[in-house]
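Asks: Curious how this folds, go ahead:
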Amino acid sequence: MDEKIGMIVERTVKKILSPYPIPPAIEVVNYVNEAVSKIVNGIMERYKNRDVNFDDAIEDLMRYLATDRNFSPSDSLRLLGDLKKEIRKEFHLNEKETIKLYELVDEVLYKAFEFYYSCRAKIFELRLKEKDRDLEIMRRIIEFSNIAGKEFRKD
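Replies: Modelled structure (predicted):
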């Protein structure tokens, strides 16, 4: 079973990192791999009716994907949604088992959307603050140049 989970994780990480022409830094690869691994293991644990919390891993992955310009919001969520097919294929689930799995992955997707949206909202807020700061700097430059221009004309 661990081998099958490892294969699912490996394929998912490859999908996430595939848009890069050069492999990202090992820290990035490890970060993504760790998050995906925790998510897949968490789904499998919940599938076995074990209560586990892997929200941090979902948040970590969504934070990464929300800042990655290679993936649209739908692409980012699709990466997690594709786990349905990956797990079903790897474990040869019957119809009843598939329905249970799909419900679990859907719950993960709902949380992922919340984390993704929250991260994008934070990015927007930071960009807005940066623009406000830039405007304030420009205002001060104009104010300073007006004062300096008046002093220059007096001389």
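Asks: Okay, helices next: where are they in this protein?
Replies: Taking DSSP state H to define them, one finds helices in the chain at 2-17, 26-47, 55-67, 73-81, 83-91, 95-154.
Asks: export those helices to JSON lines and tack on mean pLDDT and mean neighbour count?
Replies: To be clear about C-beta, it is placed using only N, CA and C from the backbone, and glycine gets the same treatment. Shown next, in JSON lines, are the helices of the chain (pLDDT from 0 to 100; neighbours: other CB atoms under 10 Å):
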{"stretch": "helix 2-17", "mean pLDDT": "94", "mean neighbour count": "16"}
{"stretch": "helix 26-47", "mean pLDDT": "96", "mean neighbour count": "18"}
{"stretch": "helix 55-67", "mean pLDDT": "96", "mean neighbour count": "19"}
{"stretch": "helix 73-81", "mean pLDDT": "94", "mean neighbour count": "17"}
{"stretch": "helix 83-91", "mean pLDDT": "93", "mean neighbour count": "17"}
{"stretch": "helix 95-154", "mean pLDDT": "88", "mean neighbour count": "12"}
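Asks: got a list of what the residue nearest the centre of the chain touches?
Replies: When CA atoms, centre = their mean is applied to the chain, the residue found nearest the centroid is residue 62 (2.0 Å). Neighbouring residues of residue 62 by CB atoms under 8 Å, 6 or more residues apart in numbering: 76, 112, 115, 116, 119.
Asks: do that again at 6 Å, thanks
Replies: By CB atoms under 6 Å, 6 or more residues apart in numbering, the residues touching residue 62 are 112, 115, 116.
Asks: out of those, which one sits closest to residue 20?
Replies: Residue 20 lies nearest to residue 116 out of those, by CB to CB, at 20.0 Å.
Asks: Hmm, residue 68 and the closest one touching each other?
Replies: No: if you go by CB atoms under 6 Å, residue 116 and residue 68 don't touch, sitting 11.1 Å apart.
Asks: residues touching the closest residue to residue 37 other than its chain neighbours, list them.
Replies: Using CB to CB, 6 or more residues apart in numbering and skipping the chain neighbours, the partner closest in space to residue 37 is residue 9 (4.8 Å). For residue 9, the contacting residues are 36, 37, 40, by CB under 6 Å, 6+ apart.
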